[in-house]
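1. let me see the structure of the following:
(2 chains)
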Amino acid sequence: NAGVTQTPKFQVLKTGQSMTLQCAQDMNHNSMYWYRQDPGMGLRLIYYSASEGTTDKGEVPNGYNVSRLNKREFSLRLESAAPSQTSVYFCASSELTSGRDEQFFGPGTRLTVL
Amino acid sequence: KNQVEQSPQSLIILEGKNCTLQCNYTVSPFSNLRWYKQDTGRGPVSLTIMTFSENTKSNGRYTATLDADTKQSSLHITASQLSDSASYICVVSSFYGNNRLAFGKGNQVVVIP
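-> As a prediction, the model looks like this:
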């Protein structure tokens, strides 16, 4: 099993460009998440999907949109990238959204916005 | 205000030595606390999880403790190895807030030969 996979691994954008970060999991988990990690800060939740067909905002959703394409895939879209969105983005999944369920993280996407 | 505070922010230790990382939290009502290990350039991986009734949990050379009364946890690394060089993240969950987890900023550990 690959666990949680993310593409691309690295990306450089110019301000105003758009892109979609892809995430897939093969553990048959119901819940999926997108986080960003910035230097000197803890992981911050952008959006999550408790189950297929549902999405909800997290702590820092502004400037992002998500799509839960099916049970396996959860994508994160930046419609008009800004330098403040330079970060490392992690996708995660868990059986349920209960805090008691372990979240499994992908390897991350390093995004630089110039 | 960050609900999870970790200390020290970073430390350097000699291979073979022990070290202890601290985590203080204010999350309430408390559900569980996890320690994650994050290698450079990788995603976090869970090391241990403790619920309210558990005081200690071990995973190989890693031992986590929890004092739910004082809202403190520690992660002890025994006989450190070069592969222990990583960031160790304390994550606390509450019974409320659905999926919301409170993440610490991490303890950066560097093990030198």
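2. I figured A:T112 hits A:T86, correct?
-> Yes: between A:T112 and A:T86 there is a contact under Cβ atoms under 8 Å: 5.2 Å. For the C-beta atoms, the positions are set from N, CA and C on the backbone; glycine is no exception.
3. between the two, which one's more packed in?
-> A:T86 (16 against 13; other Cβ atoms under 10 Å in any protein chain shown).
4. assign a three-state SS to the nearest residue to A:I46 once chain neighbours are set aside, would you?
-> Closest residue in space to A:I46, ignoring its immediate chain neighbours: A:W34 at 4.4 Å, by Cβ to Cβ, 6 or more residues apart in numbering or on different chains. For A:W34, the assignment made with DSSP: H, G, I helix; E, B strand; the rest coil gives strand.
5. the stretch of helix or strand B:S46 belongs to packs against which elements?
-> Assigned by DSSP states H and E, B:S46 belongs to strand B:45-51. Helices and strands touching strand B:45-51, by 3 or more Cβ pairs under 8 Å, 6 or more residues apart in numbering or on different chains; DSSP states H and E, are strand B:30-38, strand B:56-59, strand B:62-67, strand B:72-77.
6. distance from that strand to the middle of the chain?
-> 8 Å (Cα atoms, centre = their mean, to the nearest Å).
7. could you dump the helices and strands packed on strand B:45-51 into TSV and include distance to A:K57 and mean pLDDT?
-> Shown next, in TSV, are the helices and strands packed on strand B:45-51 (distance: least, Cβ to Cβ, whole Å; pLDDT from 0 to 100):
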stretch	distance to A:K57	mean pLDDT
strand B:30-38	22	93
strand B:56-59	33	95
strand B:62-67	31	96
strand B:72-77	29	97
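8. which part of chain B gets nearest to chain A, residue-wise?
-> Using Cβ to the nearest Cβ, the closest approach of chain B to chain A is made by B:S93 at 2.7 Å.
9. and B:L21, what is it in contact with?
-> B:6-8, B:74-77, B:88, B:90, B:107, B:109 (Cβ atoms under 8 Å, 6 or more residues apart in numbering or on different chains).
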